[in-house]
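J.: kindly generate the corresponding structure for this input.
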Amino acid sequence: MKRVHLLIHGHVQGVGFRNMSSRIAKNLGLSGWIKNLPDGSVEVAVQGSNERIEEFIFWCRRGPPKARVDEIKIFEETPRSDLDGFRIIK
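T.: From the prediction side, this is the model:
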């Protein structure tokens, strides 16, 4: 089990990034959350198997068709038991 915290910078708001990320995470069986930040970036906390986390990060590097990802900062964290499912935080 692995947990990572991502800060995704670029043109990532207003392009369906949160919705598509949520769909991808759910399809991969990951738990966590995603939200927009005031500076125009997106923040994600995601937890699951190492392989599935790597698949999710690979997708985030591209994002949806209208997105432009300039940088992803990745921070490993201790897995937690309080994450259930994947949700979009408004």
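
J.: CA atoms for contacts and neighbours, from now on please.
T.: Will do.

J.: contacting residues around residue 22?
T.: Contact partners of residue 22, counting by C-alpha atoms under 8 Å, 6 or more residues apart in numbering, are 33, 34, 86, 87, 88.

J.: can you say which of these are buried?
T.: Buried members of the contacts of residue 22, counted by 16 or more other C-alpha atoms under 10 Å: 33, 34, 86, 87.

J.: can you tell me which of these is closest to residue 69?
T.: residue 34 (15.5 Å; C-alpha to C-alpha).

J.: can you list phi and psi of the residue most central in space within the chain for me?
T.: Geometric centre of the chain, nearest residue: residue 44, 4.1 Å, by C-alpha atoms, centre = their mean. Backbone torsions for residue 44, taken as degrees, to the nearest 10, come to phi -140, psi 140.

J.: please name the nearest non-neighbouring residue to it.
T.: By the measure of C-alpha to C-alpha, 6 or more residues apart in numbering, the closest residue to residue 44 outside its immediate chain neighbours is residue 34, 4.4 Å from it.

J.: now the one you found. Its backbone dihedrals?
T.: Taking degrees, to the nearest 10 as the convention, residue 34 sits at phi -140, psi 140.

J.: surely it touches residue 88?
T.: Yes: between residue 34 and residue 88 there is a contact under C-alpha atoms under 8 Å: 5.1 Å.
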